[in-house]
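**Q** When you get a sec, could you give me coordinates for this:
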Amino acid sequence: MQSTIEIFDPKAPRAGAREASLNILESLTGKVVGFIDNTKPNFNHLVDDLADVLLRNYGVRAVLKRGKRVQSIPAPKEVIDELAHECDLIITGSGD
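**A** Alright, predicted model coming up:
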């Protein structure tokens, strides 16, 4: 049984910002997926469950999980740089 994954970009365009090119993945097989945990309650549980599904059902090679210290500030540059270098896809999100 084949399934389709639809990916939505939740960002609204900013006035005066140049268009970014999207790098669309044809498949998750063999890819490395990164997660940035924003420290909101329950996001870590969601990430753990999603990582299991990606590894088991979609052929993801590895999952990297990194976190932020506080919800209201961006992830440290070192975390962003590491994930950008090591991952094919990065997911950050919210919990509760």
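
**Q** all helices for the protein, in order.
**A** For the chain, the helices defined by DSSP state H cover 43-57, 77-86.

**Q** Dump those to JSON lines, plus mean pLDDT, mean neighbour count and distance to residue 31.
**A** Any C-beta I mention is one placed from the backbone N, CA and C, and that applies to glycine too. JSON lines is the format used below for the helices of the chain (pLDDT from 0 to 100; neighbours: other Cβ atoms under 10 Å; distance: least, Cβ to Cβ, whole Å):
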{"stretch": "helix 43-57", "mean pLDDT": "92", "mean neighbour count": "14", "distance to residue 31": "9"}
{"stretch": "helix 77-86", "mean pLDDT": "93", "mean neighbour count": "13", "distance to residue 31": "11"}
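
**Q** tell me which helix or strand of this protein sits lowest on mean pLDDT?
**A** strand 89-92 (a mean of 88; mean pLDDT, DSSP states H and E).

**Q** Ok, which of the helices of the chain comes nearest residue 25?
**A** helix 43-57 (12.0 Å; Cβ to Cβ).

**Q** What are the contacting residues of that closest one?
**A** If you take Cβ atoms under 8 Å, 6 or more residues apart in numbering as the criterion, helix 43-57 is touched by 28, 33, 35, 37, 60, 63, 65, 91, 93, 94, 95.

**Q** Parallel or antiparallel, list what pairs with the least confident helix or strand of the chain.
**A** If you go by DSSP bridges, strand 89-92 pairs up with strand 32-37 (parallel).
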